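>>> how would this look folded up:
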Amino acid sequence: MSTRTRIAFLKGHGTENDFVIVPDPDNVIDLSPAAVAALCDRRAGIGGDGLLHVVRSAAHPEAKDMAAEAEWFMDYRNSDGSIAEMCGNGVRVFARYLQHAGHTTEGDLAIATRGGVKSVHIAKDGDVTVGMGKARLPEGDVTVSVGERSWPARNVNMGNPHAVAFVDDLAHAGDLYSPPPFSPASAYPDGVNVEFVVDRGPRHVALRVHERGSGETRSCGTGACAVAVATARRDGTDPAVTGAPVTYTVEVPGGTLVITERPDGEIEMTGPAVIVAEGELDPEWLETIAR
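As a prediction, the model looks like this:
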């Protein structure tokens with residue numbers, strides 16, 4: 001990490017999925033995995049489930065090809081410093097930051113991610129809607145376990161992998177500190193986000209989630225989408241079959257997300273996004289991390 005200049009940061013959250021935001025339009029800050037992990041540390045750093053590195057697409061080698069469609073690239077990192085393909089709550093907070101910084105206004109914009117270019121709409125009431133793309137439903141049975149219990153799970157890919165298990169009680173998910181075991185191992189060679197789901201009412205479910213690389217989080221946007229898709233298939237309301245869009249209210253520990261799947265398979269997620277603070281990182285602290 002370069003510490004020659006003072007580095008600004010912000011803190012934001014979407015349904016309590018919280019992020020350290022580092023604006024770096026020209027991609028000059030070297031955010032090593034160790035630096036990201038230190039920034040996301042809740043006791044020795046700022047604290048977050050992940051980090052949003054805000055870079056102009058044209059300035060980032062992974063996003064140059066998307067620059068014509070989307071000016072800004074969400075270079076997303078998990079709290080352990082690893083790179084993730086996509087983060088739905090992160091995209092909403094990223095959009096709110098762009099609005100906060102004067103880079104965009106209410107209405108529509110496009111944001112580049114490792115999961116492709118995402119369409120975003122910032123509403124007057126403050127909610128942000130993200131076009132999350134289409135779900136893929138890989139074939140094959142999957143099982144997830146916690147302690148002595150195990151459940152069949154639906155394999156749903158939202159640009160990142162999910163295993164969705166319907167349970168009788170969310171407490172059955174255990175502490176979710178460590179990844180719930182799954183089988184077969186070949187289903188998720190790079191690990192998986194695991195969602196445990198209960199019914200709350202018609203087209204209304206609640207979840208707890210273990211996010212790969214972060215442990216249990218207060219919310220997972222791609223996970224809420226995966227859960228809505230899995231629930232629609234279970235309920236026989238697959239929009240591709242019925243020809244009608246279906247909307248589920250998905251409660252996460254940190255709030256509520258509204259997920260709509262359309263007959264063409266496109267999925268939209270709507271929810272809040274909040275900037276809570278901004279400041280500057282201490283150069284001496286950064287140099288300590290760099291060493």
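
>>> find the nearest non-adjacent residue to the residue most central in space within the chain, please.
With the centre of the chain defined as its mean C-alpha position, the nearest residue by C-alpha atoms, centre = their mean is residue 87, 2.3 Å away. When the adjacent residues along the chain are set aside, residue 87 lies closest to residue 76, with 5.0 Å between them (C-beta to C-beta, 6 or more residues apart in numbering). For glycine as for every other residue, the C-beta is placed from the backbone atoms N, C-alpha and C.

>>> quick one, phi psi at that neighbour?
Here the main-chain torsion angles of residue 76 (degrees, to the nearest 10) amount to phi -90, psi 140.

>>> just the one 5 residues further on next, same as before
The phi and psi values for residue 81, taken as degrees, to the nearest 10, are phi 100, psi -10.

>>> count the neighbours of it for me.
19 (other C-beta atoms under 10 Å).

>>> what's the neighbour count on the residue nearest to it when sequence neighbours are not counted?
Leaving aside its sequence neighbours, residue 81 sits nearest to residue 33 (C-beta to C-beta, 6+ apart; 2.9 Å). Using other C-beta under 10 Å, residue 33 has 13 neighbouring residues.

>>> residue 36 too?
For residue 36, the number of neighbouring residues by other C-beta under 10 Å comes to 26.

>>> what about it, which helix or strand?
The secondary structure element spanning residue 36 is helix 33-40 (assigned by DSSP states H and E).

>>> adjacent strands (with direction) for the helix or strand following that helix?
Counting by DSSP H and E, the next helix or strand C-terminal to helix 33-40 is strand 50-56. Applying DSSP bridges to the sheet, strand 50-56 is found paired with strand 17-23 (parallel), strand 72-78 (antiparallel).

>>> quick one, what contacts the residue lying closest to residue 128 once chain neighbours are set aside?
By the measure of C-beta to C-beta, 6+ apart, the closest residue to residue 128 outside its immediate chain neighbours is residue 92, 4.1 Å from it. When the contact criterion is C-beta atoms under 8 Å, 6 or more residues apart in numbering, the partners of residue 92 are 14, 120, 128, 130, 221, 269, 271-273.

>>> list the contacts of the residue nearest to residue 81.
If you count contacts by C-beta under 8 Å, 6+ apart, then residue 33 has 77, 80-82 around it.

>>> list the contacts of the helix or strand residue 195 falls within.
With elements delineated by DSSP H and E, residue 195 resides in strand 193-201, which encompasses its position. Residues from elsewhere that reach strand 193-201 (C-beta under 8 Å, 6+ apart): 144, 153, 160-170, 172-173, 179-180, 182, 205-212, 220, 222-223, 226-227, 230-231, 249, 251.

>>> narrow those residues to those that are buried.
Neighbour-count burial (16 or more other C-beta atoms under 10 Å) is assigned, among the contacts of strand 193-201, to 144, 153, 160-167, 173, 179-180, 182, 205-212, 220, 222-223, 226-227, 230-231, 249, 251.

>>> for residue 163, grab phi and psi.
phi -120, psi 120.

>>> so what pairs up with it in the strands?
As for beta bridges, residue 163 partners with residue 155, residue 194 under DSSP bridges.

>>> ok, now residue 280?
Beta-bridge pairing of residue 280, defined through DSSP bridges, involves residue 8.

>>> try residue 19
Each beta-bridge partner of residue 19 is listed here, defined by DSSP bridges: residue 12, residue 50.

>>> how many residues are close by residue 44?
Under the neighbour criterion other C-beta under 10 Å, residue 44 is assigned a count of 11.

>>> what angle do the helix or strand hosting residue 268 and strand 17-23 make?
Assigned by DSSP H and E, residue 268 belongs to strand 266-271. For strand 266-271 against strand 17-23, the angle by axes from the mean of the first three to the mean of the last three C-alpha atoms, to 10 degrees is 90 degrees.

>>> contacts for strand 266-271, please.
Surrounding strand 266-271, the residues in contact under the criterion C-beta under 8 Å, 6+ apart are 14-15, 88-89, 92, 127-135, 158, 221, 224-225, 228-229, 255-262.

>>> and the contacts of residue 92, which is closest to residue 236?
Of all the contacts of residue 92, the one sitting nearest residue 236 is residue 269; the distance, using C-beta to C-beta, is 22.2 Å.

>>> for residue 42, see how far away the closest one is.
26 Å (C-beta to C-beta, to the nearest Å).

>>> okay, those two: which has more neighbours?
A side-by-side neighbour count of residue 269 and residue 42, using other C-beta under 10 Å, places residue 269 first with 25 against 11.
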